[in-house]
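Trainee: Compute the structure for the input listed below.
(chains A and B)
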Protein chains: 2
Amino acid sequence: MSKLQEKILSMVADDLADIEKIILENLDPYLNIVKQTAEHIFLSGGKRLRPLLVTLCARLCGDNKELGKRFSAIFEYLHTATLLHDDLVDGATKRRGKDAANTIWGNSTAVLVGDFLLAKSLEIATEAENIEIIKIVAKITREMAEGEIFQLLKKGDKDLSVDEYMMIIKGKTGVLIEGSCRTGALIAKAEKKHEDALIKYGFNMGMAFQMADDLLDYTANTANLGKKTGADLREGKLTLPVIIARKNAKGTDLLFIDKIIEKREFSSKEFEQFVSLLEKYKGIEYTTKCILNHIDKAKKALDIFENNKPKKILMLIADYVFERKH
Amino acid sequence: MSKLQEKILSMVADDLADIEKIILENLDPYLNIVKQTAEHIFLSGGKRLRPLLVTLCARLCGDNKELGKRFSAIFEYLHTATLLHDDLVDGATKRRGKDAANTIWGNSTAVLVGDFLLAKSLEIATEAENIEIIKIVAKITREMAEGEIFQLLKKGDKDLSVDEYMMIIKGKTGVLIEGSCRTGALIAKAEKKHEDALIKYGFNMGMAFQMADDLLDYTANTANLGKKTGADLREGKLTLPVIIARKNAKGTDLLFIDKIIEKREFSSKEFEQFVSLLEKYKGIEYTTKCILNHIDKAKKALDIFENNKPKKILMLIADYVFERKH
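Mentor: The predicted structure follows:
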């Protein structure tokens, strides 16, 4: 664990402990299999980034009743529901180093427990008695489904453009993290300018977070990642480092990159060579710059808030997203 | 088409035409595949029972602005979303006589377009600016997922009890039809006693409708049903006619029933023999009585309303559900 990570964790330890309790308390299904499946994924080491952001953003906007924390479960439930459905869509076998739910309980259970968690997310949201929050949850759910379908359509497409990639990661991560931060503002009945600032913070954090995740698939070692590196490549998913490297590469290097993309399987040596080409043709460098750019925008969006503890933590979390890239 | 069916259709022809328009207008996805998949199922001859009930129940409660009709799409979207997910769960190949969406576009698309439609259902619901309606939609979604998971767990269980069967069909159909009627009342800002009456009407209609559907799987001919008769038996789903016949059957008859349930495949001759045992051991008769009982309760629930056109149609629809059983 890095020093930055340790520092953040020490500042939010109590919040994370409360969030953990709130997530499990809200579950309460009448069927044991739902509890088992949901807990398998809830307890598999998620970072609780989304509920933490709701809690901190609400507090930053003056929430002194911890309402943000109470409703933070909305976004962990929604996130978990989409993980269950996405793992099925991707045919993923691993999630956070553990067997994916669809491989343990089958596709049917993964679909239905996903639906259950989505419904639960909504039921928790209705308790806030604020129709705006429901609108956010509904819009996020729709945009995530559309993003995932778009990604599915583009699977294996060598010519995926940077714009199309941005559209995919916006649907995949951007809208949910943006919605988490915005909901924090709404729960605290923030002024419009503060709500807008947190939308900006959240959107940029989400984009940076997903880009860092995509970069890690090439730069991490398998043990740290909780799944095999090169997983996106195996699934036919082109991400920013590859899109940029393909644009810059020429001759036999480009042929090699395309060969690996097309056949979707490779030896460790071939993978190393592929990564070295991502470096040679600036795919890694460009993606790193993009992440930094989004992180900068996220942090600048917080300028209008006075310096206090929640703001300090939100700034550190932004730095952590950047640090996470390698 | 029966005379009753013709009579109902002539009375609601304009409403059905409007509902058709409203359903398609609300779709508006940015991806063509979503439109294709959703339209495939929307345009495959659904009866639009749920949106029609919202429209009529709202009108019965004094909705003179056709708000019920405007928001009726909520329930067709929710219904279609669950059909997409349920067909995947059941491994169904046919839906209303056409290929099921999961067999045409694959499981991934079926899951994600289902999620899209669920989200759309919610987005339409938020336009009514009434948090009670969202609470209904969220609760229905959760209960349907739980019901479907319970059915999955009980697949192939010869000893499924009548109570367990009732729990399954409540989740499968009861809560959605109940919710459609209740939402009609809420949209029209009905008095509590009228809302309660329509909850009762809807619940009993839903239960009767599903029982009639389950009965048809043994009594219809394949051409009318739009899928092969005996489909439930092939999928290992025990329904009321079988549960009752098993309770009453003895000796070699019981052995034959159990053999067919266990092996899940059978010749036409064996199926005919199976159905004749359902008759011999009162499975058909008992189920018919149950349907009639629920229809009676549904119709009686409308007693508190004055006699007008929407009430007359709701009474006829109740009769139609009963007529539908053979």
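Trainee: Can you point out the buried residues in the lengthiest helix in chain A?
Mentor: What stands out as the longest helix in chain A, according to DSSP state H, is helix A:192-219. Buried residues in helix A:192-219, counted by 16 or more other CB atoms under 10 Å in any protein chain shown: A:194-195, A:197-219. The C-beta positions use only the backbone N, C-alpha and C, and glycine is treated the same way.
Trainee: Strands of chain A, start to end?
Mentor: Using DSSP state E, the strands of chain A run over A:94-95, A:98-99.
Trainee: now the ones you listed in a markdown table, with mean pLDDT, mean neighbour count and distance to B:P310?
Mentor: What follows is these, written out as a markdown table (pLDDT from 0 to 100; neighbours: other CB atoms under 10 Å in any protein chain shown; distance: least, CB to CB, whole Å):
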| stretch | mean pLDDT | mean neighbour count | distance to B:P310 |
| --- | --- | --- | --- |
| strand A:94-95 | 79 | 18 | 50 |
| strand A:98-99 | 86 | 15 | 53 |
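Trainee: how about the ones you listed, which one is nearest chain B?
Mentor: Among the strands of chain A, the nearest to chain B by CB to the nearest CB is strand A:94-95 (16.3 Å).
Trainee: Residues of chain A that sit close to chain B?
Mentor: A:29-31, A:33-34, A:85, A:88-89, A:107-109, A:111-113, A:115-116, A:118-120, A:122-123, A:125-126, A:129, A:131, A:134-135, A:137-139, A:141-142, A:144-146, A:148-150, A:152-153 (CB under 8 Å from any CB of the partner chain).
Trainee: Generate a ChimeraX selection restricted to the buried subset of those.
Mentor: Only the buried entries of the residues of chain A next to chain B go into this ChimeraX selection, using 16+ other CB under 10 Å:
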select /A:29,31,33,34,85,88,89,107,108,109,111,112,113,115,116,118,119,120,122,123,125,126,131,134,135,137,138,139,141,142,144,145,146,148,149,150,152
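Trainee: Can you tell me which of the residues of chain A next to chain B end up in helices?
Mentor: Using DSSP H, the residues of chain A next to chain B in helices are A:33-34, A:85, A:88-89, A:107-109, A:111-113, A:115-116, A:118-120, A:122-123, A:125-126, A:131, A:134-135, A:137-139, A:141-142, A:144-146, A:148-150, A:152-153.
Trainee: ok, now how distant is the closest residue to chain B within the stretch 151-300 of chain A from A:L176?
Mentor: Nearest residue of the stretch 151-300 of chain A to chain B, counting by CB to the nearest CB: A:L152, 5.7 Å away. Applying CB to CB, to the nearest Å, the value for A:L152 to A:L176 is 18 Å.
Trainee: in the stretch 1-150 of chain A, which ranges drop under the pLDDT threshold?
Mentor: Scanning the stretch 1-150 of chain A for pLDDT under 70 picks out no residues.
Trainee: one more time with 80
Mentor: Residues of the stretch 1-150 of chain A meeting the criterion pLDDT under 80: A:29-30, A:45, A:92, A:94-97.
Trainee: Distance check, A:D18 against A:T55.
Mentor: For A:D18 relative to A:T55 (CB to CB), the value is 8 Å.
Trainee: What of A:G202?
Mentor: The gap separating A:G202 from A:T55 is 13 Å, by CB to CB.
Trainee: Repeat that for A:D319.
Mentor: 19 Å.
Trainee: In terms of secondary structure, what does the longest helix of chain A contact?
Mentor: Helices and strands touching helix A:192-219, by 3 or more CB pairs under 8 Å, 6 or more residues apart in numbering or on different chains; DSSP states H and E, are helix A:49-60, helix A:162-169, helix A:175-187, helix A:231-234, helix A:240-248, helix A:268-280, helix A:283-301, helix A:309-323.
Trainee: To B:K263, which of those lies closest?
Mentor: helix A:231-234 (40.0 Å; CB to CB).
Trainee: So what's the gap between that closest one and the chain middle?
Mentor: 17 Å (CA atoms, centre = their mean, to the nearest Å).
Trainee: which non-adjacent residue is nearest the spatially most central residue of chain A?
Mentor: In chain A, the C-alpha nearest the mean C-alpha coordinate belongs to A:T173, at 4.5 Å (CA atoms, centre = their mean). In space, and not counting its chain neighbours, A:T173 is closest to A:Q210: 3.9 Å by CB to CB, 6 or more residues apart in numbering or on different chains.
Trainee: Now do the end-to-end distance for stretch A:151-168.
Mentor: Counting by CA to CA, to the nearest Å, you get 6 Å between the two ends of stretch A:151-168.
Trainee: Now do the buried residues in it.
Mentor: Of the residues in stretch A:151-168, A:Q151, A:L152, A:K154, A:L160, A:E164, A:Y165, A:M166, A:M167, A:I168 count as buried by neighbour count, 16+ other CB under 10 Å.
Trainee: ok, now how distant is the fifth one from B:I131?
Mentor: Look at A:E164 and B:I131: by CB to CB, they are 37 Å apart.
Trainee: and if you look at the third one?
Mentor: To B:I131, A:K154 is 38 Å away according to CB to CB.
Trainee: Just confirm A:H85 contacts B:V111, I think it does.
Mentor: Yes: counting by CB atoms under 8 Å, A:H85 does reach B:V111; the two are 5.3 Å apart.
Trainee: Give me the common contacts of the two.
Mentor: Jointly contacting A:H85 and B:V111 under the rule CB atoms under 8 Å, 6 or more residues apart in numbering or on different chains are A:V111.
Trainee: if we can go back for a sec, among the helices and strands packed on helix A:192-219, which gets the worst mean confidence?
Mentor: With a mean of 92, helix A:231-234 has the lowest mean pLDDT of those.
Trainee: what's it packed up against?
Mentor: Contacting helix A:231-234 under the criterion 3+ CB pairs under 8 Å, 6+ apart are the following elements: helix A:192-219.
Trainee: Averaged pLDDT, the helix it packs on. What do you get?
Mentor: Helix A:192-219 comes out at a mean pLDDT of 97.
Trainee: Now do it: distance to the chain's middle.
Mentor: Worked out by CA atoms, centre = their mean, helix A:192-219 lies 9 Å from the chain centre.
Trainee: Check stretch A:108-122 too.
Mentor: 19 Å.
Trainee: Same question for stretch A:148-167.
Mentor: That offset, for stretch A:148-167, works out to 17 Å (CA atoms, centre = their mean).
Trainee: how far does that stretch stretch from start to finish?
Mentor: Using CA to CA, the end-to-end distance of stretch A:148-167 comes to 10 Å.
Trainee: do stretch A:295-311 as well
Mentor: 14 Å.
Trainee: Now that stretch: buried residues?
Mentor: A:I295, A:K297, A:A298, A:K299, A:A301, A:L302, A:F305, A:P310, A:K311.
Trainee: what's the farthest-apart pair in those?
Mentor: Checking the buried residues of stretch A:295-311 with CB to CB, the most distant pair is A:K297 and A:P310, at 19.0 Å.
Trainee: measure A:K311 to chain B for me?
Mentor: In this view, A:K311 and chain B are 31 Å apart by CB to the nearest CB, to the nearest Å.
Trainee: and if you look at A:L43?
Mentor: From A:L43 to chain B the distance is 20 Å (CB to the nearest CB).
Trainee: A:K69 too?
Mentor: 21 Å.
Trainee: Would you mind measuring from that residue to A:I124?
Mentor: Separation of A:K69 from A:I124 (CB to CB) stands at 12 Å.
Trainee: what's the answer for A:D217, then?
Mentor: Separation of A:D217 from A:I124 (CB to CB): 32 Å.
Trainee: ditto for A:L4
Mentor: A:L4 is 31 Å from A:I124, by CB to CB.
Trainee: And the two? Which one has more around it.
Mentor: A:I124 (23 against 15; other CB atoms under 10 Å in any protein chain shown).
Trainee: my guess is the more buried one meets A:Y77, correct?
Mentor: Yes: using CB under 8 Å, A:I124 is in contact with A:Y77, at 6.7 Å.
Trainee: got any residues that touch both of the two?
Mentor: A:N26.
Trainee: isn't A:K158 right next to A:L238, touching?
Mentor: Yes: when contacts are counted by CB under 8 Å, A:K158 is listed as touching A:L238 (7.1 Å).
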